[in-house]
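Chemist: Quick one: sequence plus predicted model below, questions after.
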Amino acid sequence: LMAPTPQRRQNDSATFASEILEKLTYAIGKNPAAARRHDWLEATTLAVRDRIIDHWLESNQKTTESGEKRVCYLSMEFLIGRLLRDAISNLGLTQSVTEALAVYDVELDMIELLEPDAALGNGGLGRLAACFMESMASTGVPAFGYGIRYVHGFFRQEVVDGEQVELPENWLMHGNPWEFERRENSYEIGFGGKVAAIDEPGKPPRQIWRPGERVLAVAYDTPIVGWRGNHVNTLRLWSAQSLDPILLDAFNSGDHIGALREANKAEAITRVLYPADSHQAGQELRLRQEYFFSSASLQDIIRRHLKAYGTLHNLSDKVAIQLNDTHPAVSVAELMRLLIDVHGFAWDEAWTITQATFSYTNHTLLPEALETWPIHLFERLLPRQMQIIYAINAQTIREATQKGLDGGKITAISLIDENNGRRVRMGQLAFVGSHAINGVSALHTELMKETVFHSLHELYPSRIQNKTNGVTPRRWLMQANPGLTALVTDAIGPAFLDNVEKLADLDALATDAAFREKFMAVKLENKQRLAKVIEERLAISVDPGAMFDIQVKRIHEYKRQFLNIIEAIALYDQIRSHPERNWQPRVKIFGGKAAPSYAQAKEIIHLINDVARVVNADPSVQNLLKVVFIPNYNVSLAEIIMPAADLSEQISTAGLEASGTGNMKFALNGALTIGTLDGANVEMLEHLGEENIYIFGLTAAEVAARRREAHSGRSIIENSRLLREALDSIVKGVFSPDGQERYASLVSNLYNNDWWMIAADFEAYWQTQRKLDDLWQDTPSWGEKAVRNTARMSWFSSDRSIREYAKDIWRAGPGAPAS
Ligand code: 26Q
């Protein structure tokens, strides 16, 4: 008998209709009459998943046969959101699936909304990892994403009496049809214990780590499908399990709780995502998470490589490992340990392989966010890795001394910070262990060279490169904005779907009145959709004809939501004092989460909500100003918000936002930007032209100079009537009649210090907003600029970012030299 081969399925709607029915019947065990909406979602997902699997197996086989280099993207966070629409759209199945479901009277648009967001990330860094996974699949770069399968993703935010309340998130509640548990891919991860020196006759002495605890890392794989299904990569997330789920002797002797204690402790490692993105957590559990997924990923990479090649000497020819920030930086020490202690390499060759394999992306310059760990904690948890770090440090300092670097510079280079109670500096470790280090925008990369990595850059001047971030146009244009996608296809043809650079053809239509009107009609529809969400969730009615002025992102002092809400207050005052002036109707929309322990960020959320309550209830400004805080900002909400913006707020203190990626999503969807010369805004200015973006405020160099001069806001506030009155009204309790003192310290910080340059930038911000009011009245000019934004943003596709990484850092992907 011949072995059967799987049959490639047809993609027509009739085939889909019968397959969905088959899944409903045999995988879920229901008939259409008994099926609930969730059952239809699951049946549809399983039918679509089968298509992906065909492509997935093919992709893996091709990569294995060709021996192409693979990229391993190590990230503590993957903020992917929903997957069904992404998969259906990338496979070109939207029409078939829609029609197939219609047979059962089910709407695809409706069941899609039931899929939970996979919110395994905090914000920009995690979402970038998700865009990169999609772009690697779309551009044909063979890749694994490695991360953690958190049971609880990023918390759900509710606003109660104006304040943020955090609720646990439970994305796995209904199971996860996208993942495949791979029990055969599991590894032991050690913690604690001792290092023993082994001296066998005739062999060089070696160190052996005998961990005091062991935990099992089990792989869960999710396929990530690229555009047109051409290539499918794997997202491999690790889940922690106890090696010994029940201590039977303890159980038998009656200690039922104690028998489960170890299992609970093991499984706690992957239970929850740390919701902090600016202050380092500093807790032992976090370091356990970092080491757990780093070690599991490296063991997996090594096992696969040995199976294919039988040796690790050529590891760096076949694998490129990208460290997404310092969170997986312990990998540098762990790979050295595995090569030396387990696979018998000598130090020097192990170091050559390690450096050639790793590269590292930095995402922040904020000193309080740079990761360091107390030596005593590190040593207790990872004693052998600590030894290796000391040895790497000694070697690095030797090299620096030979090259003539002096004492202060050696201190800056050292992997050990001696000033704050002896800590391991993860940035330094990631840097010296990598052949390439990159920043995420041109400005950020230059600042890296001048600040955090100044001395390391002097020692290794060719290592730092720039790789400006990007966003995937599949999710952030085609899926999020089907109206605009249809219009653009109609206007310039479908070539931009495969080559986003073709969007540039729209530029010629910016002066075409008929096209502009259609463009703004699509915008209006998207605003109506958002207005509906606001009405349903908040019972606030907003006019879709008003300017939608939107700031959505994590709440941070440096991102300056405070500046935005002060401007709203000043505008509120001015509209009431001068009702005769030509004010333009605006809806100021905010969204974002504060880290649960970040008190100032929470106060800012409270203030926004307090202002919203007062302004929205005041009949004297009714149609001119509304303030809205949309709770629980996440990827799925972003997909509704980005297409609905007229104005995008990118107003961070210059020099602080490494890149920003929301800025790109908004502009791609035809919003104008009001922003500072910070992060990727600088490059957006270059691509858009200065007439198509509204830049204001101090530059990064000016901010640094003012900080050196111990700038304070007092005299600025005293000289600005607008700002002073706005701040006075906050302090007097106009927005917090129930809590007079509530914002006293938020405001006094501006007088005494103004670290984030809010007072310093206020006037420039206000003036620029009024210019935008003028422009809003001139509908054709606004429309022209909006069209040019969409036409000129294609460079900010993550496909472009990925091609740069592939060529300059990984030497992998289509067009890479054979290895
Ligand atoms: C570190 C230690 C302990 C606990 C948490 C953390 C931690 C977690 C997340 C530190 C930082 C983050 C996230 C940082 C982040 O999202 N940075 C953003 O990265 C984007 C992608 O490059 C940039 O566009 C943003 O400018 C940058 O803020």
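Modeler: Looks like it arrived, so ask away.

Chemist: Can you name the residue of the stretch 501-650 of the chain nearest the ligand?
Modeler: In the stretch 501-650 of the chain, no residue comes nearer to the ligand than R554, which is 7.4 Å away by C-beta to the nearest ligand atom. Placement of C-beta: from N, CA and C, glycine included.

Chemist: so that residue touches G121, yeah?
Modeler: No. Contact criterion C-beta atoms under 8 Å: R554 and G121 do not qualify, at 11.0 Å.

Chemist: More neighbours: which of those two?
Modeler: Taking other C-beta atoms under 10 Å, R554 and G121 do not tie; G121 has more neighbours (26 against 20).

Chemist: Residue in the chain with the shortest distance to the ligand?
Modeler: Closest approach between the chain and the ligand, counting by C-beta to the nearest ligand atom: G124, at 2.9 Å.

Chemist: tell me the secondary structure for the residue of the stretch 501-650 of the chain closest to the ligand?
Modeler: Three-state call for R554 (DSSP: H, G, I helix; E, B strand; the rest coil): coil.

Chemist: show me the contacts for the residue nearest to it when sequence neighbours are not counted.
Modeler: Once flanking residues are discounted, R554 sits nearest to G123: 4.5 Å by C-beta to C-beta, 6 or more residues apart in numbering. Applying C-beta atoms under 8 Å, 6 or more residues apart in numbering to G123 gives the contacts 79, 277, 553-554.

Chemist: related to what we said a few turns ago, just want the phi and psi numbers for the residue nearest to the residue of the chain closest to the ligand when sequence neighbours are not counted.
Modeler: Using C-beta to C-beta, 6+ apart and skipping the chain neighbours, the partner closest in space to G124 is T661 (5.5 Å). Backbone geometry at T661, expressed as degrees, to the nearest 10, gives phi -130, psi -20.

Chemist: what number of residues lie near T661?
Modeler: T661 has 23 neighbours, counted by other C-beta under 10 Å.

Chemist: Mind giving me the packing neighbours of the helix or strand H457 falls within?
Modeler: H457 is part of helix 454-459 when elements are defined by DSSP states H and E. Secondary-structure packing of helix 454-459 (3 or more C-beta pairs under 8 Å, 6 or more residues apart in numbering; DSSP states H and E): helix 383-402, helix 407-413, helix 426-432.

Chemist: Hmm, F191 is touching P383, no?
Modeler: No. Using C-beta under 8 Å as the test, F191 is too far from P383 to be in contact (9.8 Å).

Chemist: residues in contact with the residue of the stretch 501-650 of the chain closest to the ligand?
Modeler: By C-beta under 8 Å, 6+ apart, the contact list for R554 reads 122-124, 277-278, 592-595.

Chemist: if we go to 10 Å?
Modeler: 122-124, 275, 277-278, 561, 592-595, 598, 601, 633, 662 (C-beta atoms under 10 Å, 6 or more residues apart in numbering).

Chemist: what does G258 give?
Modeler: G258 is in contact with 247, 250-251, counting by C-beta under 10 Å, 6+ apart.

Chemist: follow-up on the earlier one: shared neighbours of F191 and P383, which are they?
Modeler: Counting by C-beta under 10 Å, 6+ apart, the residues touching both F191 and P383 are 211-212.
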